[in-house]
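Undergrad: only geometry, no sequence info:
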């Protein structure tokens, strides 16, 4: 396991009391916490890092590339494992029933404080996990990282969505609305720019040929970029890469706004073991800590309409650019769907409340 059997490895990542028991948290680190980071690392890279750590014995003895990666893996592992341990931290189960620890000098924290701590742990866990993903995306060749299933479309990181909308969401929320991003891309954008061109740009995104990942690139890689391409397009040999980057930058705002609209619509209800219920307030607030009333349906509907309208405007702009510069996009003009007459007409999108073209109004 990537956390040694001593408190110090955990204390480096998260503040805990001196009475903290490693053995109590260890099951959550070894199981769910490990699975949490494995989803990004992949089994082979996790195994390679784990074996390197065991052989080295200490962090200082690790090879540099592993020494750089290890804390990026440990942080989400620790926070997520500790989050799962928290509800059981002071609970005792015995023949006498279920009790909690209490003494003259201490008492169990209030439900509100526990909830606030859980929210903080969860937010840091997901933020750290995305940072790990971005690091591996920028340095895939260094670590032989092959988990490209995590790069699912034209928008893959929370920051990429937030920069194109007026709403700032958390990384955890971003992970929850990935299905909406996929829905928008596959049901609208793919047909808008035609499948061949969409699939090509999506593959180039997966190869990291567009992004400026200098913030996440490891200098020790010797490349300055660290990833497959990191925005330079080196190695791709595609003369149309620059044109694809222009179109991608025009598509992303439209995708972001329409995906948020779709997510708002889809997440009005919650389906769980208790049945189907209406969602109230923010997902980051429990019933115990919620301070504000849920948004009324008419307010949510107006927000959805404005997001769809903004998304349509961005996508119209992208389509108009594509039509006007069709000769710069051979995959577009070579598609079976291409009609020369399209070059004489501007793309049209309905922006009124009766717009049902997107499937969720």
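TA: Received the coordinates, thanks. Being a predicted model, the structure only gives us computed values, none of them experimental.

Undergrad: isn't residue 128 right next to residue 73, touching?
TA: No - contact criterion C-beta atoms under 8 Å: residue 128 and residue 73 do not qualify, at 9.1 Å. All C-beta atoms are positioned from the backbone trio N, CA, C, and that covers glycine.

Undergrad: the two: which has the busier surroundings?
TA: Remark: of residue 128 and residue 73, residue 73 carries more neighbours, 27 against 24, as counted by other C-beta atoms under 10 Å.

Undergrad: and the more buried one, that one's in a helix?
TA: Yes - assessed with DSSP: H, G, I helix; E, B strand; the rest coil, residue 73 lies in a helix.

Undergrad: so who does it touch?
TA: 2, 37, 41, 46, 49, 132 (C-beta atoms under 8 Å, 6 or more residues apart in numbering).

Undergrad: mind redoing it with 7 Å?
TA: Taking C-beta atoms under 7 Å, 6 or more residues apart in numbering, we find residue 73 in contact with 2, 37, 41, 49, 132.

Undergrad: also residue 174?
TA: Each residue near residue 174 by C-beta under 7 Å, 6+ apart is listed here: 158, 161.

Undergrad: how much space separates it from residue 43?
TA: Separation of residue 174 from residue 43 (C-beta to C-beta, to the nearest Å): 24 Å.

Undergrad: next one: residue 80
TA: 18 Å.

Undergrad: out of these two, which sits in the busier spot?
TA: A count of neighbours by other C-beta under 10 Å puts residue 80 above the other of residue 80 and residue 43, at 25 against 9.

Undergrad: what's the first helix or strand after the regular element (helix or strand) spanning residue 28?
TA: Element membership for residue 28, per DSSP states H and E: helix 22-28. As assigned by DSSP H and E, the chain's next helix or strand after helix 22-28 is helix 34-41.

Undergrad: average pLDDT for that following helix?
TA: If you average the pLDDT over helix 34-41, you get 90.

Undergrad: what is whatever helix or strand comes next after it packed up against?
TA: Using DSSP H and E, the helix or strand that follows helix 34-41 in sequence is helix 43-56. Here helix 43-56 touches helix 64-85, going by 3 or more C-beta pairs under 7 Å, 6 or more residues apart in numbering; DSSP states H and E.

Undergrad: what about the helix it packs on, average pLDDT?
TA: Averaged across helix 64-85, pLDDT comes to 90.

Undergrad: quick check: angle from that helix to helix 34-41?
TA: The directions of helix 64-85 and helix 34-41 differ by 140 degrees, with axes from the mean of the first three to the mean of the last three C-alpha atoms, to 10 degrees as the criterion.

Undergrad: how about helix 64-85: buried residues?
TA: Buried residues in helix 64-85, counting neighbours by 16 or more other C-beta atoms under 10 Å, are found at 65-70, 72-85.

Undergrad: same question for stretch 142-152.
TA: 142-143, 145, 147-148, 150-152.

Undergrad: the stretch 151-300 of the chain: helices as residue ranges?
TA: 158-162, 171-176, 178-184, 190-193, 195-206, 241-266, 297-324 (DSSP state H, counting those that start in this stretch).

Undergrad: just send those back as a markdown table, with distance to residue 26 and mean pLDDT too.
TA: Putting these into a markdown table (distance: least, C-beta to C-beta, whole Å; pLDDT from 0 to 100) gives the following:
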| stretch | distance to residue 26 | mean pLDDT |
| --- | --- | --- |
| helix 158-162 | 30 | 94 |
| helix 171-176 | 25 | 91 |
| helix 178-184 | 31 | 95 |
| helix 190-193 | 46 | 95 |
| helix 195-206 | 36 | 96 |
| helix 241-266 | 36 | 94 |
| helix 297-324 | 43 | 91 |
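
Undergrad: how about these, which one is nearest residue 118?
TA: In terms of C-beta to C-beta, the element of the helices of the stretch 151-300 of the chain nearest to residue 118 is helix 171-176, at 11.9 Å.

Undergrad: can you count the residues close to residue 334?
TA: Around residue 334 there are 11 residues (other C-beta under 10 Å).

Undergrad: residues touching it, list them.
TA: Residue 334 neighbours (C-beta under 7 Å, 6+ apart): residue 196.

Undergrad: how about it, phi and psi?
TA: Backbone torsions of residue 334, given as degrees, to the nearest 10, read phi -80, psi -10.

Undergrad: care to break this protein down by domain?
TA: 1-138, 148-361 (automatic domain parsing).

Undergrad: now do stretch 29-48: everything it contacts.
TA: Around stretch 29-48, the neighbours that count as contacts under C-beta under 7 Å, 6+ apart are 1, 3, 73, 76-78, 80-81, 84, 129, 132-133, 136, 143, 145-147, 150.

Undergrad: what residues sit buried inside it?
TA: 29, 33-34, 36-38, 40-42, 45-46, 48.

Undergrad: follow-up on the earlier one: tell me which of the buried residues of stretch 142-152 is nearest to residue 115?
TA: Distances from residue 115 to these, taken by C-beta to C-beta, are shortest for residue 150, at 29.6 Å.

Undergrad: so that closest one touches residue 134, yeah?
TA: No - in this structure residue 150 lies outside contact range of residue 134 using C-beta atoms under 7 Å: 10.3 Å.

Undergrad: what stretches of the stretch 101-250 of the chain score poorly on pLDDT?
TA: Where the stretch 101-250 of the chain drops to pLDDT under 70, the residues are 101-109, 213, 220-238.

Undergrad: nothing else from me, thank you.
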